[in-house]
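Whatever this is, show me its structure:
(one chain, ligands or ions: 1)
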Amino acid sequence: MRRAGVKKRFLLIGDDNNEGATFCYYEKGSKVPHEPSFIFIHGFSSDKYAWLGVIKEIPYGFHCIAIDLPGHGESVGFNEEQLIAVNVFFDKLNLTEPIYLVGCSMGGSIAAMFATKYPSYVCMICLLAPVPPGEEYETELLSQLRSGVYHIVLPETLKQFYAAAKLLSMKKVHANRLLARIYLKSRLSMLDQHKKVLKSAFENDYPNLEQSYAELKNLACSVLIIWGRQDQLCSVDGANYFSNLIPDAKLIFFDDCGHLITTDKPTQTASIIIKFWETPSTYRTNLYN
Ligand SMILES: CCCCCCCCCCCCCCCC(=O)OC(CO)CO
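Predicted coordinates for the structure are as follows:
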């Protein structure tokens, strides 16, 4: 933990709809007046830990927060839908100045939808291989997942774990069986919860993705899109879909990179995120001056 310079924190939400609901998150640095905080949102069945490799490479002086989404990691007790819960989180933390929202995979879809639903909260978004909409972009893996073959992303055995790692990442993980077994065991305790999240996402969110994304064309904030060329879960063609929808978006492809961009290219991801932040934008300048 100390390596990445983050502290683990808890935030009790506990309103009428979510009695005792608590967000868990990592924080590095603290809010800098008149600068956007960097907020990181992980993908399905992942958690805040996935961002440590990226956050480690972000220089001190920037304010970074990586949250555990409801139904993931150490965040507990939510009934509310993700977008509303995330919005409450920002309010409770007094993140009143527009933020730089970074999301990976399903977290990228959430970041995109958050920006359309709450435009005043966001001045920049970075989407790492967000879920593309509908059958036209549906990979074989995603369609298997939709039909209920969950072990592709929710492995239950060591063998399935290695198979999942191989499909999602270019990194070789066969190295340490003990660590793999410990990691798998910790994930198994979340299995039923994650199955519920996935089922609900496919039933309620996936069918409406195209309609939800359509709002992206009205975005005023700056948009960065990153995709791994070897992504087998979220089709690389999705990058074209999003850049057609958002003509001003900056598009970056990583070679030798699968779906798990934060695993395969943490250093490069951090440096692109910072470089994009440094790019002059009239929109942001007007916001902060
Ligand atoms: C407000 C809610 C909006 C949700 C919208 C998204 C609905 C998509 C359906 C589920 C699609 C499932 C694929 C997720 C891929 C993923 O996240 O990959 C992980 C590894 O498992 C990376 O960390």
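
Hmm, residue 139 is touching residue 237, no?
No - with contact defined as CB atoms under 8 Å, residue 139 does not reach residue 237; the gap is 9.3 Å. Backbone N, C-alpha and C define where each C-beta goes, glycine included.

what about these two, which has more around it?
residue 139 (18 against 13; other CB atoms under 10 Å).

which residues does the closest residue to the more buried one other than its chain neighbours contact?
Closest residue to residue 139 apart from its sequence neighbours, by CB to CB, 6 or more residues apart in numbering: residue 235 at 5.0 Å. Contact partners of residue 235, counting by CB atoms under 8 Å, 6 or more residues apart in numbering, are 132, 137, 138, 139, 142.

can you rerun that using 10 Å?
By CB atoms under 10 Å, 6 or more residues apart in numbering, residue 235 lies in contact with 129, 131, 132, 136, 137, 138, 139, 140, 141, 142, 227, 241.

who wins for most neighbours among those?
Within those, most neighbours by other CB under 10 Å means residue 129, with 30 neighbours.

wouldn't that residue be in contact with residue 258 here?
Yes - judged on CB atoms under 10 Å, residue 129 makes contact with residue 258 at a distance of 9.1 Å.

Between the two, which contacts overlap?
Common contacts of residue 129 and residue 258 (CB under 10 Å, 6+ apart): 228, 231, 233.

Roughly how far does the second one sit from the ligand?
So that's residue 231. Relative to the ligand, residue 231 is positioned 10 Å away (CB to the nearest ligand atom, to the nearest Å).

Identify the residue of the stretch 1-150 of the chain closest to the ligand, quick one.
Taking CB to the nearest ligand atom, the ligand has its nearest neighbour within the stretch 1-150 of the chain at residue 43, 2.5 Å off.

and that residue, how many neighbours does it have?
For residue 43, which is what you asked about, the neighbour count (other CB under 10 Å) is 29.

What's the local residue count around the residue nearest to it when sequence neighbours are not counted?
The shortest distance from residue 43 to any non-neighbouring residue, by CB to CB, 6+ apart, is to residue 105 (3.1 Å). The number of residues packed near residue 105 is 28, by other CB under 10 Å.

Repeat that for the one 4 residues further on.
Around residue 109 there are 28 other residues, counting by other CB under 10 Å.

Could you list the contact residues of the stretch 101-250 of the chain toward the ligand?
By the rule CB under 6 Å from any ligand atom, the part of the stretch 101-250 of the chain lying against the ligand is 104-106, 109-110, 113, 131, 145, 153, 201-202, 205-206, 233.

still on that earlier bit, next, show the common contact partners of residue 139 and residue 237.
Counting by CB under 10 Å, 6+ apart, the residues touching both residue 139 and residue 237 are 132, 231.

circling back to that earlier point, show me the contacts for the residue nearest to residue 43.
Counting by CB under 10 Å, 6+ apart, residue 105 touches 41-46, 50, 127-131, 153, 168, 231, 233-234, 259-262.

those strands in the protein, which residues are they?
7-12, 22-28, 38-41, 64-67, 99-104, 122-128, 222-228, 250-254 (DSSP state E).
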